[in-house]
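1. could you look at this predicted model? Sequence included:
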Amino acid sequence: MIAGLLLGPSLFGWLMPGASAALFATPSLPALNALSQIGLVLFMFFVGVRVDVHKVGSRRRVAMATSAISIIVPFVLGAWLASAVHARLAPAGVGMLPFTLFFGAAMSITAFPVLARILIDLGMLRTELGAVAIACAAFDDVMGWLILAVITALARSDGLSTVLAFRLLFFFGYLAAMAVVVRPALRWFVRRRGLQFGSSADDLVAVLLVVLVSAVITEALGIHALFGAFFVGLMMPRDAHIERVFEDRLEPLTLTLLLPLFFAFTGLRTNVQLIGTAAMWKDAALIFLVAVAGKAGASTLAARMMGLGWRDASTLGFLLNTRGLIELVVLNIGLELGILSPVVFSMLVLMALATTFMTSPIVRGLRAQSPDTAARWKVVS
């Protein structure tokens, strides 16, 4: 994200506009975006393969309560902030309702793939706390995409209630098909191949075909392709051999080449130079403060009320405060719909960058101060 920001109009394009235009020619950007989307889809599938929802176990109530609060409070605060800055920051012709709804949705998002990568890097993905954070983030983002579907329909003003009803109906039908048809089929296929799974490229082709079809379906439903890939990962059998196959054959290229392209692509669309006055920087700071208070603060209080200690609750709160990847996807949609101006887009990208950047050091600090965390939130192998 930082590299993309520096390579875009915020720095490189500002210092050397001719070289920037030559290096990032406009006709090449769609291909760059397409490669980045493939990387996102594959990464979400890997996350689904690794996550075992049964690890939430006795903490299911914590996950449900924290998820609900971490959606409602940031949404309300974001909508309130949007109503206060609408006259100054909203693009011409954008009404109060779509602007406030979009701001609320943007504040409610947790960057599910980035959170997963942070948990992997911290060695927390296989812990109960990591599973709770993943469960909360998954619920938050599904709800966020449903809200975004409403906003998209509202912005286009073409049969809001009908469009939303059909999307919900087909989405629940898709979930039922995944559980009743796709999950048994994948388990039968993997069981039939046994330890030979992955020895032939045909095995990977078959699974990736299911991943891509699922991604296309959820994209068509307005939920986003990332969740289609994630749901297929959840349907895969929990097996260490299967994980190793994907880790060895597909993950290195995805994590080192394809996934970073999305961050770079978004940085190319962000221009910090547009935030050119002290008043605008105050607005940007206010957006950041409301984002952290609404997401990290509310999630921490909710988890504490559900019985977690302050350090564990704070750890969960700051994990859910991670906004990077999914937030950038949402912001790009808002920019394309015309709900966000380039100035507000840049402010929100900076907020997403800051809330993502602060997560790892804060969580490391909280874990270092709490040596008994590993015992209470045990690693499940």
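-> Arrived safely, thanks for sending.
2. how about the strands of this structure, start to end?
-> Taking DSSP state E, the chain contains no strands at all.
3. lowest mean pLDDT among the helices and strands, pick that one out for it.
-> Of all the helices and strands that make up the chain, the one with the lowest confidence by mean pLDDT, DSSP states H and E is helix 373-376; it has a mean of 45.
4. M305 reaches T66, doesn't it?
-> No: judged on C-beta atoms under 8 Å, M305 makes no contact with T66 at a distance of 9.3 Å. For glycine as for every other residue, the C-beta is placed from the backbone atoms N, C-alpha and C.
5. more neighbours: which of the two?
-> When neighbours are counted by other C-beta atoms under 10 Å, M305 and T66 differ, and T66 comes out ahead with 31 against 13.
6. what about the stretch 201-350 of the chain, any weak spots by pLDDT?
-> Scanning the stretch 201-350 of the chain with the threshold set as pLDDT under 70 gives 223.
7. list the contacts of I362.
-> Residues near I362 by C-beta atoms under 8 Å, 6 or more residues apart in numbering: F318.
8. any idea how far it is from M96?
-> 35 Å (C-beta to C-beta, to the nearest Å).
9. swap in A31?
-> As defined by C-beta to C-beta, A31 lies at a distance of 38 Å from M96.
10. how about M64?
-> 32 Å.
11. of those two, who's got more company?
-> M64 (16 against 13).
12. ok, now which ones touch that one?
-> Applying C-beta under 8 Å, 6+ apart to M64 gives the contacts F139.
13. for T100, give me the pLDDT.
-> In this model, T100 is scored at 88, pLDDT.
14. I'd say it and S83 touch.
-> Yes: when contacts are counted by C-beta under 8 Å, T100 is listed as touching S83 (5.4 Å).
15. and those two? which has more neighbours close in?
-> Neighbours around T100 and S83, counted as other C-beta under 10 Å, are more numerous at T100. The numbers are 22 against 14.
16. and the gap between that one and L234?
-> Relative to L234, T100 is positioned 33 Å away (criterion: C-beta to C-beta).
17. pull out the buried positions in stretch 13-22.
-> G13, S20 (16 or more other C-beta atoms under 10 Å).
18. quick one: contacts of it?
-> Defining contact as C-beta under 8 Å, 6+ apart, one finds that stretch 13-22 is touched by L7, G8, P9, F12, N271, Q273.
19. now do that stretch: distance to the chain's middle.
-> Distance of stretch 13-22 from the chain centroid (C-alpha atoms, centre = their mean, to the nearest Å) equals 31 Å.
20. now swap in stretch 280-291 and tell me
-> Here stretch 280-291 is found 21 Å from its chain centre; the criterion is C-alpha atoms, centre = their mean.
21. stretch 201-211 now?
-> Taking C-alpha atoms, centre = their mean, one finds the center of stretch 201-211 at 24 Å from the center of the full chain.
22. list the buried ones in that stretch?
-> Residues of stretch 201-211 classed as buried by neighbour count (16+ other C-beta under 10 Å): D203, V207, L208, V210, V211.
23. cool, and stretch 103-120?
-> Judged by neighbour count using 16+ other C-beta under 10 Å, the buried positions of stretch 103-120 are 103-120.
24. narrow these to those in helices?
-> If you go by DSSP state H, these have 103-108, 112-120 in helices.
25. how many other residues sit next to the residue nearest to P9 when sequence neighbours are not counted?
-> Nearest non-adjacent residue to P9, counting by C-beta to C-beta, 6 or more residues apart in numbering: N271, 4.2 Å away. Residues within reach of N271, counting by other C-beta under 10 Å, total 20.
26. W281 too?
-> Each residue near W281 was counted by other C-beta under 10 Å, and the total is 13.
27. looks like V132 contacts L316 (just checking).
-> Yes: the pair V132 and L316 qualifies as a contact (C-beta under 8 Å) at a distance of 6.6 Å.
28. which neighbours do those two share?
-> Where contact means C-beta under 8 Å, 6+ apart, the residues bridging V132 and L316 through contact with each are T66.
29. contact partners for the closest residue to A302 other than its chain neighbours?
-> If you skip the residues right next to it in sequence, A302 has I69 as its closest partner in space, 3.7 Å away by C-beta to C-beta, 6+ apart. For I69, the residues meeting the contact criterion (C-beta under 8 Å, 6+ apart) are A298, S299, L301, A302.
30. burial of P237, as a residue count?
-> Other residues within reach of P237, judged by other C-beta under 10 Å, total 15.
31. need phi/psi at it.
-> Backbone torsions for P237, taken as degrees, to the nearest 10, come to phi -60, psi 150.
32. which residues of the stretch 51-200 of the chain fall in helices?
-> In order along the chain, the stretch 51-200 of the chain carries the following helices (DSSP state H, counting those that start in this stretch): 60-89, 96-108, 112-121, 128-156, 160-177, 183-193.
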